[in-house]
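Novice: Let me see the structure of the following:
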Amino acid sequence: MYATLTEPLLLAPECPTLLTERRWASAAQIAGAQGNLLLEALPAADWERWSDCLQLVEMPRGQVLYESGRNMTHVHFPTSSIVSLLHQTASGACAEVATVGNDGVVGVPLLMGGLSTNGCAVVQSAGLGYRLPREVVVDAFNTGGEAMQLLLRYTQALLTQVSQTALCNRHHAVEQQVCRLILLNLDRVQGNCLQMTQELLASKLGVRRESVTLVALGLQRDGLIRYARGRIEVMDRAGLEDRACECYAAVKQECDRLLPPRLSGDSPQWVQRPTCGHSA
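Specialist: Model (predicted):
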């Protein structure tokens with residue numbers, strides 16, 4: 001039986017917990033490991049307009065950021081959390097079409113002129129993020145300028161991920177898909193560990209749990225990962241990249257091409273993000 005949306009993702013209420021009533025910060029303060037790439041890259045003028053409205057919120061695992069057919073009220077910029085963009089069948093089976101972490105924003109349909117979409121966004125890995133009322137970001141987008149160009153480039157990178165996911169799910173083996181997902185998620189966390197169950201992996205891919213179990217056992221036997229109690233530790237990233245299909249590299253190359261490099265801590269110097277080759 002295929003995994004359904006409500007079982008592995010433990011859907012939680014939409015209302016997030018505000019850590020502060022209003023988050024005042026400079027670009028340097030939100031940069032680094034706990035920052036968001038798009039917020040880091042905002043021009044100073046746009047940051048001044050946005051900072052009054054940005055709220056730092058907790059994003060617990062299973063929280064629904066938006067649902068199919070319901071109007072979006074906010075966009076979210078994950079920092080230490082990871083969000084799955086999902087589509088669901090009438091029977092309840094679901095599959096992931098894209099992953100958003102500290103590289104992007106959840107709520108792209110608002111930028112395209114739609115208040116809702118037929119998919120949903122669910123927090124996969126708990127953490128923090130900034131939320132912004134839709135009116136603020138839509139107004140900035142409609143005004144044009146550098147912020148609009150930045151958001152458009154991110155949208156193109158996200159569409160690349162969606163289209164590559166469709167290609168991968170149709171033509172590549174489950175092992176290749178699992179390796180792709182692990183690597184995509186690993187790029188959005190610090191360190192080499194992921195909180196991810198086999199049920200969650202199966203749900204994201206829209207396959208049977210037994211298929212993912214066989215793959216996980218094989219990857220662990222070959223020394224590429226260590227899996228225990230919903231925790232995946234990547235032991236050999238280069239080996240994992242060799243097992244993945246070309247879809248991971250294609251998505252990463254496009255993100256590196258379109259999106260700005262990441263700031264390193266409080267340093268004003270830009271640090272180039274790694275390319276899609278094997279990394280330590």
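
Novice: Show me the chain divided up by domain.
Specialist: 17-168, 172-247 (automatic domain parsing).

Novice: Now mean pLDDT too, for those domains, in TSV please.
Specialist: As requested, the domains of the chain are exported to TSV (pLDDT from 0 to 100):
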stretch	mean pLDDT
domain 17-168	84
domain 172-247	91
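
Novice: could I get these as CSV with mean neighbour count and distance to Leu258?
Specialist: To be clear about C-beta, it is placed using only N, CA and C from the backbone, and glycine gets the same treatment. Shown next, in CSV, are these (neighbours: other Cβ atoms under 10 Å; distance: least, Cβ to Cβ, whole Å):
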stretch, mean neighbour count, distance to Leu258
domain 17-168, 18, 4
domain 172-247, 18, 15
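
Novice: wait, which of those is closest to Arg257?
Specialist: Relative to Arg257, the nearest member of the domains of the chain by Cβ to Cβ is domain 17-168, separated by 8.3 Å.

Novice: still on that earlier bit, Throw the domains of the chain into CSV and include distance to Asp256, thanks.
Specialist: Output for the domains of the chain, formatted as CSV (distance: least, Cβ to Cβ, whole Å):
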stretch, distance to Asp256
domain 17-168, 9
domain 172-247, 10
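
Novice: So which residues of the stretch 51-200 of the chain form strands?
Specialist: For the stretch 51-200 of the chain, the strands defined by DSSP state E, counting those that start in this stretch occupy 55-59, 64-66, 74-78, 82-88, 94-100, 120-125, 127-133, 193-195.

Novice: Send me the fourth one as PDB with only the CA atoms.
Specialist: As requested, C-alpha coordinates have been extracted for strand 82-88 and formatted as PDB (Å, rounded to 0.1, in the frame of the first residue of the first chain):
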ATOM      1  CA  ILE A  82      13.100  21.900   5.200                       C
ATOM      2  CA  VAL A  83       9.700  22.000   3.400                       C
ATOM      3  CA  SER A  84       8.300  19.500   1.000                       C
ATOM      4  CA  LEU A  85       6.100  20.600  -1.900                       C
ATOM      5  CA  LEU A  86       3.600  17.800  -2.500                       C
ATOM      6  CA  HIS A  87       0.800  16.800  -4.800                       C
ATOM      7  CA  GLN A  88      -1.800  14.400  -3.700                       C
END
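
Novice: Tell me which strands it pairs with, and in which orientation.
Specialist: strand 94-100 (antiparallel), strand 120-125 (antiparallel) (DSSP bridges).
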